[in-house]
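Enquirer: Return atomic coordinates for the entry below.
(one chain, ligands or ions: 1)
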Amino acid sequence: MENEKKQIAFSAIQPSGTITLGNYLGAIRNWVTMQDEYNCIYALADLHTITVRQDPAQMRKNILDAYASILACGIDTEKSLFFIQSHVHTHAEMAWVLDCYTQFGELSRMTQFKDKSAKHADNINAGLFTYPSLMAGDILLYQADKVPVGADQQQHIEITRDIATRFNGLYGNVFKIPEGFIPKNGARVMSLQDPTKKMSKSDENVNGCVHLLDSPEAIMRKFKRAITDSEAHVHYGEGKDGINNLMGIYSTITGLSFEQIEHDFEGKGYGDFKTAVGEAVVEELRPIRERYESYIKDKAYLEECYRKADEIALKISSRTMNKVMKKIGFIL
Ligand code: TYM
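Expert: Numbering: from 1, shown residues only. Presented below is the predicted three-dimensional model:
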């Protein structure tokens, strides 16, 4: 973990319900593969989830479920840190400090804020608005070089860089300026029922979203019902959002290029292709679901993992936090 020569990768996920195939292909899969090349630090961003109302008992369950699911995806706690954000108090502290170095105008431009406030019109709270500075703090506390995320987080990475550059301009080189690490393939997995919208756990149509822990039958059913077009010819093209999305999913999992997929499915119909994509997803997720089942039974093991990581995360992040406080003028 403390190998100084390796670059630092930081990322996080909100434990707000089940983890989706989009989360997995856009981010978590890269978290796993980056573990040998980078010093990896990952968090369950539970503080982020309370920008929308949560049921307390369900929230506790979601946090443990997400922790077990991500371990099951292949995060190795011997190699990487995987902690719970709310257990590391520097995150909330840094968020307040960065709030004071973030402009109202730039927060107003965040598309996620606009989308979420349209969706939760009865609860447009200040946390929803300042969410990007909490996320910036998560990243900057660890002096991260790379942030593996899906394409929907690009704007939040940009604002993080802007905040860090502004702060460094005032106080010297305090923060490393991080870069997004967005995969070529899988960065934007779309809903199976409306392929113009990103796949999301809050999709109202249950068939639109594949969950990491879905049964093989449920996965196959969702892919067989996926919306396509009337052309019945497996190739990538404009106006073929449904097929483009299925090709993207298939290519990310199998490693096959789009040309190869088009070649392999020449003369075959969409039914065959949907079955092939469904089966590839089932096989990719099968070992994850099996490992999840054993992790979730062992709460003591999960607790041992996150307590150990929480402690180290606090130590690392406190270095940056103290530096920031001193530079600003606080007495430590
Ligand atoms: P969250 O919890 O919404 O999503 C977690 C990760 O999954 C990616 N993702 C997708 N990728 C491809 N296709 C999709 N349909 C799809 N849906 C989600 C997201 O891009 C993300 O990488 N604010 C963040 C969590 C966060 C964070 C951070 C991330 C908090 N602090 C610091 C990085 C660094 C969020 O809400 O992600």
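
Enquirer: Correct me if wrong: Ser11 contacts Val32.
Expert: No - in terms of CB atoms under 8 Å, Ser11 does not count as a neighbour of Val32; the distance is 11.3 Å. Backbone N, C-alpha and C define where each C-beta goes, glycine included.

Enquirer: out of the two, which sits in the more crowded spot?
Expert: Per other CB atoms under 10 Å, whichever of Ser11 and Val32 has more neighbours is Ser11, with 24 against 18.

Enquirer: Just the pLDDT for the nearest residue to that one once chain neighbours are set aside.
Expert: Using CB to CB, 6 or more residues apart in numbering and skipping the chain neighbours, the partner closest in space to Ser11 is Pro148 (4.9 Å). We have a pLDDT of 98 for Pro148.

Enquirer: any idea how far Asp65 is from Pro148?
Expert: Separation of Pro148 from Asp65 (CB to CB, to the nearest Å): 21 Å.

Enquirer: Quick check: residues of this protein near the ligand?
Expert: Along the chain, the residues adjacent to the ligand under the rule CB under 6 Å from any ligand atom are 10-14, 22-23, 25-27, 45, 48, 135, 138-139, 147, 149-150, 152-153, 187-189, 198-199.

Enquirer: More neighbours: which of Pro148 and Asp65?
Expert: Between Pro148 and Asp65, Pro148 has the larger neighbour count (other CB under 10 Å), namely 25 against 20.

Enquirer: Any idea what that one is bridged to?
Expert: Beta bridges link Pro148 to Phe181 when assigned by DSSP bridges.

Enquirer: which residues in the stretch 151-300 of the chain form helices?
Expert: Using DSSP state H, counting those that start in this stretch, the helices of the stretch 151-300 of the chain run over residues 154-171, 216-224, 241-254, 258-264, 270-297, 299-328.

Enquirer: same deal with the stretch 1-150 of the chain?
Expert: Going by DSSP H, counting those that start in this stretch, the stretch 1-150 of the chain shows helices at 21-23, 29-33, 46-49, 56-73, 90-99, 104-108, 111-119, 126-140.

Enquirer: Which among the ones you listed is found nearest to Lys326?
Expert: Closest to Lys326 of the helices of the stretch 1-150 of the chain, according to CB to CB: helix 90-99, at 11.9 Å.

Enquirer: And for that closest one, what's in contact with it?
Expert: With contact meaning CB atoms under 8 Å, 6 or more residues apart in numbering, helix 90-99 is reached by 47, 85-86, 130, 133-134, 136-138, 140-141, 163, 167, 314, 317-318, 320-321, 324-325, 328.

Enquirer: need the contact list for Lys240.
Expert: Counted by CB under 8 Å, 6+ apart, Lys240 has contacts Thr228, Asp229, Glu231.
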